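Q: what follows is a protein structure lacking sequence information:
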């Protein structure tokens, strides 16, 4: 029986730029950065307070995971900014919004009251959108 999710993939246009974004702007820890056979780079990061979860920053390039057509299609979708990668929780959405905005993070929407709490919508350096949410107490 499945007990939990440990990894989730985020398609990125450039792994080095994505690493700088998630590590330097969002403050995530680098969990793994290894080059495997065939030049495939296994790069994972995660929130400092959640050591049992990792985001795989994967480039949609031809190789062991994708053929040329699939890589091209995925890359085009990433470039269009169609992927939502989830929700990152924070204790103070407004403060997190201000800190990340000062770091140059692009926001689609400022902190807004929702039925579930306060949410701001942002984009990573590849165009993937995500929610930063402060749960209603």
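A: That came in fine, so what should we check first? Please read these numbers as outputs of a predicted model, since none were measured by experiment.

Q: from here on, just use CA atoms for contacts and neighbour counts.
A: OK.

Q: name the residues that touch the helix or strand harbouring residue 120?
A: Residue 120 belongs to strand 117-123 when elements are defined using DSSP states H and E. Strand 117-123 is contacted by residues 93, 97, 105-113, 129-137 when judged by Cα atoms under 8 Å, 6 or more residues apart in numbering.

Q: distance between that strand and the chain's centre?
A: The chain centroid and the centroid of strand 117-123 are separated by 14 Å under Cα atoms, centre = their mean, to the nearest Å.

Q: next helix or strand past it?
A: Strand 117-123 is succeeded, C-terminally, by strand 129-135 (DSSP H and E).

Q: which other helices and strands contact that following strand?
A: Judged by 3 or more Cα pairs under 8 Å, 6 or more residues apart in numbering; DSSP states H and E, strand 129-135 is in contact with strand 84-89, helix 93-102, strand 117-123.

Q: if you set the cut-off to 10 Å instead, what comes out?
A: Contacting strand 129-135 under the criterion 3 or more Cα pairs under 10 Å, 6 or more residues apart in numbering; DSSP states H and E are the following elements: strand 84-89, helix 93-102, strand 106-114, strand 117-123.

Q: out of those, which is closest to residue 77?
A: strand 84-89 (11.3 Å; Cα to Cα).

Q: that closest one pairs with which strands?
A: strand 129-135 (parallel) (DSSP bridges).

Q: what angle separates the partner strand from helix 93-102?
A: Between strand 129-135 and helix 93-102, the angle comes out at 150 degrees (axes from the mean of the first three to the mean of the last three Cα atoms, to 10 degrees).
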